[in-house]
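K.L.:
Okay, here's the prediction I keep looking at, along with the sequence it came from:
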Amino acid sequence: MAVFTELSFHEVTSFFRALGLAAPRSLRGITGGIENTNYFVDTDDEAYVLTLFERLTSEHLPFYLHFMKHLAVRGMPVPDPVADARGVILHMLKERPAVVVNRLPGASETEPTAAHCRSVGEFLARLHVAGSEYQRQQANPRGLQWWNEVAKVLGGRLPAGPRSLLSTELVFQNELALSSSYRQLPTGPIHADLFRDNVLFERGRLSGVIDFYFAGCDTFLFDIAVCLNDWCVDGLTRRANVERAAAFLDAYESVRPLTSSEHKLLPAMQRAAAFRFWLSRLWDVHLPRQAALLKPHDPGDFERILLMLRGEFA
């Protein structure tokens, strides 16, 4: 949630007026992510988040925005895009696609307990069940095809050790995707980026899930693996926390039980999830973009997790 496009108070005020919203009384750029421009905007009526999309085009955005709306109208604690007088939820501001959503209460939890993981597991299963009724289709934008494309660019920029890891893991993931067990995995719309900083808690209760702009149709198991690799690992060691993982999976299965194929392939999909985020963080380090507020993540975290999942890190 970096700031790539600077907005003036006057520009935001005019934009809000066109949407029929109350005039802003404060405007603040948000740091923390790396894909879009985000601002907190407070009015006398409500608090909002204004997002300008720097990479995503108007062609792809309806999937994300209508997925959020689909979940919001079913009572799930997700951002609800603001529509204009014609019912349109995707807008333009400063020659970029833009959306305004309500700001959800709470704050992210950087040191989650088993109780936090239980809440996230239940939410994710509810998302998968509700998403099964969502009609729009769009492939995971950071799925296997993207991994193969990015690996070609990154390979020559890495030292021998990471380059070998990238090459061998890519072979493993391509072979996995062709297996009969993989083809049996249940699929549908997934969040695909449900990290600790994208979940909000208020007084110990899950109060919101944000940042749906990596969502797409993929295996539900990939979504589960992303969560296990972030929510259910310990501090600097990045080793699995068995108690938190059990709490997450038990809560998930209380809503949507896993299939036999999902149980079988969970370790392999955790490798897939670690590989995906290692690649994206390598990309942001080696091919950075300019932004007024930008904090790229350390790829070393997911390199370590991937090596441990492969049994190559003591």
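P.N.:
Done, it's in. Residues are numbered from 1 along each chain as shown.
K.L.:
Next up, phi/psi of residue 101, please.
P.N.:
In terms of degrees, to the nearest 10, the main-chain angles of residue 101 are phi -130, psi 160.
K.L.:
Now do it, the pLDDT please.
P.N.:
Looking at residue 101, its pLDDT stands at 98.
K.L.:
That one: how many residues sit nearby?
P.N.:
As a burial measure, residue 101 scores 21 neighbours (other Cβ atoms under 10 Å). (Glycine included, C-beta is placed from N, CA and C.)
K.L.:
Quick check: residue 221 touching residue 187?
P.N.:
No - counting by Cβ atoms under 8 Å, residue 221 stays clear of residue 187, with 9.1 Å between them.
K.L.:
For the stretch 101-250 of the chain, which segments are assigned as strands?
P.N.:
Along the stretch 101-250 of the chain, counting by DSSP state E, counting those that start in this stretch, strands occupy 187-190, 199-202, 205-209, 216-219, 233-234, 239-240.
K.L.:
Can you add distance to residue 6 and mean pLDDT and give those back as a markdown table?
P.N.:
As requested, these are exported to a markdown table (distance: least, Cβ to Cβ, whole Å; pLDDT from 0 to 100):
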| stretch | distance to residue 6 | mean pLDDT |
| --- | --- | --- |
| strand 187-190 | 33 | 98 |
| strand 199-202 | 26 | 98 |
| strand 205-209 | 27 | 98 |
| strand 216-219 | 30 | 98 |
| strand 233-234 | 36 | 94 |
| strand 239-240 | 42 | 93 |
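K.L.:
which one of the ones you listed lies closest to residue 109?
P.N.:
With Cβ to Cβ as the criterion, residue 109 lies closest to strand 199-202 of the strands of the stretch 101-250 of the chain, at 5.1 Å.
K.L.:
middle-most residue in the chain, spatially?
P.N.:
Closest residue to the average C-alpha location of the chain: residue 193 at 2.0 Å, with Cα atoms, centre = their mean.
K.L.:
Look up phi and psi at that one.
P.N.:
Main-chain torsions, residue 193, degrees, to the nearest 10: phi -150, psi 40.
K.L.:
The closest residue to it other than its chain neighbours: neighbouring residues, count only.
P.N.:
Closest residue to residue 193 apart from its sequence neighbours, by Cβ to Cβ, 6 or more residues apart in numbering: residue 214 at 4.2 Å. The tally of other residues near residue 214 (other Cβ under 10 Å) stands at 20.
K.L.:
which residues sit in contact with residue 214?
P.N.:
Contacts for residue 214 (Cβ atoms under 8 Å, 6 or more residues apart in numbering) come out as 140, 141, 142, 191, 192, 193.
K.L.:
One more: residue 275?
P.N.:
By Cβ under 8 Å, 6+ apart, the contact set of residue 275 is 147, 169, 170, 173, 302, 306.
K.L.:
Which of the residues you listed are buried? Put it as a PyMOL command.
P.N.:
The buried residues among those can be selected in PyMOL (16 or more other Cβ atoms under 10 Å) with this line:
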select buried, resi 147+169+170+173+302+306
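K.L.:
and of the contacts of residue 275, the nearest to residue 41?
P.N.:
residue 302 (32.8 Å).
K.L.:
Tell me which helix or strand that closest one sits in.
P.N.:
Taking DSSP states H and E as the criterion, residue 302 maps to helix 300-309.
K.L.:
If you count neighbours, what's buried in that helix?
P.N.:
301, 302, 303, 304, 305, 306, 307, 308, 309.
K.L.:
same check, this time on stretch 163-175
P.N.:
Buried residues in stretch 163-175, counted by 16+ other Cβ under 10 Å: 165, 166, 169, 170, 173.
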